[in-house]
Each structure stands twice: as C-alpha cells, then as structure tokens.
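Q: 3D model of this:
(2 chains)
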Amino acid sequence: MTSSQALTLSASGLTRKYGNNIAAKNVSIDLYKGQIVGLLGPNGAGKSTTMKMITGNLAPSEGGVQICGIDLIEKPLDAKAKIGYLPEIPPLYKELRVDEYLTLAARLHRVASKKVSEAVNKAEERVGVTHMRRRLIGSLSKGYQQRVGIAQAIIHEPEVIILDEPTVGLDPNQILEIRDLIRQLGNEHSVILSTHILQEVEAICDRVQILHHGSVVFNDAISGLRQFRAGKTIQAGFRTPPDLVELQTALPDTVCSIVRNGVFRIQASSSEDPTSTIVRKSVECSWNLYELSGAQASVEEVFAELTKQSS
Amino acid sequence: MIFTIAHKELKSMFSSPLAWVVLAFVQGVIAYVFIGSLNGFLIAQAQLARTPNAAGLTEIAIVPMFGVGQMLLLMSIPLLTMRLISEEKRNQTMAFLISAPISMTQIIVGKFLAMATFLFLILLLIACMALSVTAGGTIDSGLLIANLIGLFLLGISFAAIGIYISCLTTHPVVAAILSLAVFLGLWIINLASSNPESWLNVVSLLKRFEGFMNGFVGIADVAYFLVITCFFLVLSIRRLDSERLRA
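A: Next comes the predicted model:
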C-alpha cells in the first residue's frame, strides 16, 4: 500500500492469553482507507478475539492498537468514536423499535443532535430497512436484524468498520446484498471483516489474513491467495476409471485422491504440470477422459497447507 | 451521554410489564396503608384532642406510608435492578455499549439515574397522596419533606447495591435473589439491634432511615447514604472495567 493512503488502523503484536490458553498470538493488522481486509480462519482461530481487542471490548495481554493514530488504551473514547463494530451476535435491544435503536446508536457515537435523524434515515436506506423502521427489533427476521446490526456500525460514518461474520445465517439473496453493501462501504471507509468462508473473502476483500490457532499464517493481497489456491491441483473425470492404486502408479509424481465415482483430484508433487501425462495415460489405458479442470483447493486444503508450512 | 443512557434504560424498563406492575403494586399497598391510617386518625381524632402532646395528623396518617415504603422498596428494587447489567451481558448488548465512545462511568451512572427517576416517581405519588390531606387539614410539611428525603436516599442506596450485584452475574434472576438476600440481611440486622449502642446500628441502612421518619434530617445520615451509594457505584464501574481485562 502506498504511504499516501491514510492508515486508519494499526494493530501490532496483539496477544491474548487465558491462563495457559493462548487465544491470539502476535496478531498484527494494518488497515488503510478504502481497503477491505478479511480475517479468515476456522472456528476457534482467534478472529473474534482479535476483533474484540481491536474494538476495546477485550484488553490484550500484549500489544497495542491505534485508530487513526489515536491509541486505544490512552484515549479510548476518542479512538472508539472512529470505530463501528458489529459483533458475532448483533447487539440489538429487542424491545426497541428500529428507529429508536438507531437514534440511540447515533447519539452514543457522538453524532451531532441536529444531524441524528438525517444519519438514521441514511443508515436505514443503505441497509434497506426503511420500510421496517417502526417495527420492534424483536419482531424482525434474522436477516433484517443483521442489517440493523450493520446499520448501527455505520451510522456515524466511522473511519474503521469492523464486522464479525456479517453474513452468517443469512439466505443466499441476503448474502449477496450484504456483500454489495460491504463493497460500497469499503470504498468510502475501511473495513475489517471476519469469516470462515473462503469465497466471501475472495469476493469482497483486497487483503486477507488467515488465522490458525491464534496466529497469522498468511498475510497477503487477494491475488496472492488466488495464486496459492490455484496451485498444482487438477481434477480429472474418467468414464471408465481405473482404481486409485492403478492411477497413482501411472502418475508417480503426484498425489491422487478420489472426489467421487470416476472423478479424481490429482496434486502434483513436483513443479511439473501433470496435465499432459494424464491425457497420455488416459488414451493409452482407455480411461476415457471427459473432464479436466484446474481444481481450486478447498478451504480445508488451504489451511492444511498453511499450517503444515507454519509448524 | 448519561442522559441518553438513562433515557434508553427508562424506555426499556417501561416497555416490559415489570416496571408497571411494581409501580402499581407499591402504589396500591401504600395507598391502602394511607387510607387505613387516615381512617384511624379520624376515628381517634376526638380522643387525641384531649391528650396532651399527642401525635399529629402527619405522624399518624402520613408517616406510616413511609414505614411500609421502605419494606416495599426492599422487595421491589431487586426486581428492577436485576436486569440492568446482567441482561446486557446475557443478550450480548454489552459490546454495543463498550465499543461506543462512552466510559464505564457514564454507563453505570446513566443506569443509576434511570433508577433514581423511577424512585422519584414513587415518591411523587406518595407526596400527592400526602398533600391531598391538606384539603381537610394542615400537615407538618417539614416532617413530610424529611420522610421524602430519607426514603429517596434509602432507595438510591438500595439501587446502587442492586446495580453492583447485577454486575456480578449474567442471570437477572440470580441478581434479584442476591439483592433480596442482602436487603433482607440488612432488615434482620435492623431487628436484631435493639441495643442502641450496638455496632450493628452503624451498618444498618434501615436504622438510619428511622431518624428521617422522625423528621430529623441529620447530616451524618445523609452523608452515610450518599457514601454507600457512591461506594457501590464505584465498585460497579471497577467491576465492569475488570471484566474487559478478564473477559
């Protein structure tokens, strides 16, 4: 990132221990204006813990956080004024109406009194709950509640928006809409979002950090992740397939596994592209090749690869 | 910010039937006591006129309301304070307050202010009842004011203790039971300390209230209640802060 872009969040060496259990270890994140960073990791990797530390909900055992240059521990109120946070479970008061709740959120986040109703209207429009504004939050569906949760995070137009699993539990249509919204937000502000869905990160984020057992095992732009995923894995489908042992013997420089009946995943162990070998062998042994594609590594494979490398 | 929190808390309080039921219950019982003692005064009026240094209208008709009032506060404040912090933790809305640019102090004081407002409502109703007597007679306004001040101070002390106990747990019901246990303990101390020299007198909040019931607004008693209130509010603030460290 060029230094001409404003650094909105700088977290360095964040560590959190619970007795002997290390929930997060030396996590560092740098966020610039206009950027969307994804925190990716399986459940229990430390994504929520990291986000709680960044937003001041949890005190780190080591390390510090600066929001637009303001230290979170030294000047917590000024720093928090620049953050919008949506935790894993949206912090909604079910007994309030949507507009009441958002008015409260605006006031608490230091929106000027005159501008409060304008800010509430704008936030409702952006997340698409304007027609629900007079309803009690408790009576809304999960999707709409999630949207209200996002609304409270953006109502004061903060420099840093932190979203913890913003699309979990939503139906596919809602997921697309929320992803669009996050992309828009990323243009004007800066966003950190966490998820355990690889496709989501690839769809929205500019940079990605992968957490595993509390440590960062991957930190790169999204193009780097795509390259990593493309790898040297090929998916091949045969109409008269050999059994796995036969295939493996025929392709010695690879690791083969079965995806389903007749379809194999072939991973190259060397830097040589096994494609031509597969085609040749298929013709020689009459396996009747009908499908040949570059298989994208699944999330589990990415994690496995990275954790193998890091240990 | 404190007023924003207090306003939100009052809205939440009155959005559930609990606050209304408590208000109605307290009002109902106090009104019943009031009518009863007023009636008693009317019956005994002639006889009292003949007795020298007899108790006046205010003492007989109005003060018993406050005697009952302290028992009712003892029972009902736990029900109102129980959810103030523990429900926020339980419903995961604590993160909303903590990530906002407001301090723990503002959160606790805001909620306390909501409780104080509720207490003020109860006292307003009592005062209206007491003042209604002026239609037919004169009351000792000094005695009435002393009682109102005393009950208010007692109420906010209970509220501060209740808020602290609410900080200790995520189950509102547990907070309510603990608060009730503490207040009943104070009541038992009050019953046990028949000896005026006993050290228990110092601890008992209810004993301190008796001075107000007699019309005596002592600086020491006022200071005592204020110190207890501030003490438990500070404890609550520190407790919330420490959870950020432990979580």
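Q: Please compute how far the strand or helix carrying residue A:246 lies from its chain's middle.
A: Using DSSP states H and E, residue A:246 sits in helix A:244-250. With Cα atoms, centre = their mean, to the nearest Å as the basis, helix A:244-250 stands 38 Å off its chain's centre.
Q: near chain A, which residues of chain B show up?
A: Contact residues, chain B versus chain A (Cβ under 8 Å from any Cβ of the partner chain): B:1, B:4-5, B:8, B:11-12, B:15-16, B:91-103, B:244-245, B:247. Every C-beta, even on glycine, is put in place using the N, C-alpha and C of the backbone.
Q: Could I have the ChimeraX command that selects the buried members from those?
A: Buried residues among the residues of chain B next to chain A (16 or more other Cβ atoms under 10 Å in any protein chain shown), as a ChimeraX selection:
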select /B:1,4,5,8,11,12,15,91,93,94,95,96,97,98,99,100,101,102,103,244
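Q: So for the residue of the stretch 101-250 of chain A found nearest chain B, what pLDDT did the model give?
A: Chain B sits closest to residue A:108 of the stretch 101-250 of chain A, with a gap of 4.2 Å, by Cβ to the nearest Cβ. Per-residue pLDDT puts residue A:108 at 95.
Q: what residues are up against it?
A: Contacts for residue A:108 (Cβ atoms under 8 Å, 6 or more residues apart in numbering or on different chains) come out as B:1, B:4, B:5, B:97, B:100, B:101, B:102.
Q: now these as TSV including secondary structure and pLDDT?
A: Below are the contacts of residue A:108 laid out as TSV (DSSP: H, G, I helix; E, B strand; the rest coil; pLDDT from 0 to 100):
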residue	secondary structure	pLDDT
B:1	coil	89
B:4	helix	94
B:5	helix	95
B:97	helix	94
B:100	coil	94
B:101	coil	94
B:102	coil	94
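Q: As CSV, those residues with distance to residue A:305 would be great.
A: Below are the contacts of residue A:108 laid out as CSV (distance: Cβ to Cβ, whole Å):
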residue, distance to residue A:305
B:1, 49
B:4, 50
B:5, 49
B:97, 41
B:100, 41
B:101, 42
B:102, 44
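Q: Give me the mean pLDDT for stretch A:11-21.
A: 89.
Q: where in the stretch 201-311 of chain A is pLDDT low?
A: Within the stretch 201-311 of chain A, the segments meeting pLDDT under 70 span A:228-232, A:270-271, A:295-301, A:303-304, A:307-311.
Q: can you map out the strands along it?
A: A:207-212, A:215-221, A:233-238, A:254-260, A:263-268, A:289-294 (DSSP state E, counting those that start in this stretch).
Q: From residue B:239, how far off is the residue nearest to residue B:97 when sequence neighbours are not counted?
A: Leaving aside its sequence neighbours, residue B:97 sits nearest to residue B:107 (Cβ to Cβ, 6 or more residues apart in numbering or on different chains; 5.4 Å). Distance of residue B:107 to residue B:239, computed by Cβ to Cβ, to the nearest Å: 12 Å.
Q: Over to residue B:99?
A: Applying Cβ to Cβ to residue B:99 and residue B:239 gives a distance of 19 Å.
Q: re the thing from before, off-centre distance for the helix or strand where the residue nearest to residue B:97 lies?
A: Per DSSP H and E: residue B:107 is located in helix B:104-132. Mean C-alpha position of helix B:104-132 versus that of the full chain (Cα atoms, centre = their mean) differs by 8 Å.
Q: The next helix or strand after it - what's its average pLDDT?
A: Using DSSP H and E, the helix or strand that follows helix B:104-132 in sequence is helix B:141-167. The pLDDT scores in helix B:141-167 average 94.
Q: buried stuff in the helix or strand that helix B:141-167 is followed by?
A: Next in sequence after helix B:141-167, counting helices and strands by DSSP H and E, comes helix B:172-192. By neighbour count with 16+ other Cβ under 10 Å, helix B:172-192 contains the buried residues B:172, B:175, B:176, B:178, B:179, B:180, B:182, B:183, B:186, B:187, B:189, B:190.
Q: Could you single out the nearest of these to chain A?
A: For the buried residues of helix B:172-192, the nearest to chain A is residue B:172 (13.9 Å; Cβ to the nearest Cβ).
Q: how far away is that closest one from residue B:122?
A: According to Cβ to Cβ, residue B:172 and residue B:122 sit 21 Å apart.
Q: one step back: let's have the buried residues of helix B:172-192 in CSV, adding pLDDT and distance to residue A:266.
A: Output for these, formatted as CSV (pLDDT from 0 to 100; distance: Cβ to Cβ, whole Å):
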residue, pLDDT, distance to residue A:266
B:172, 93, 59
B:175, 95, 61
B:176, 95, 64
B:178, 96, 64
B:179, 95, 67
B:180, 95, 70
B:182, 93, 70
B:183, 91, 74
B:186, 85, 77
B:187, 83, 79
B:189, 78, 80
B:190, 76, 83
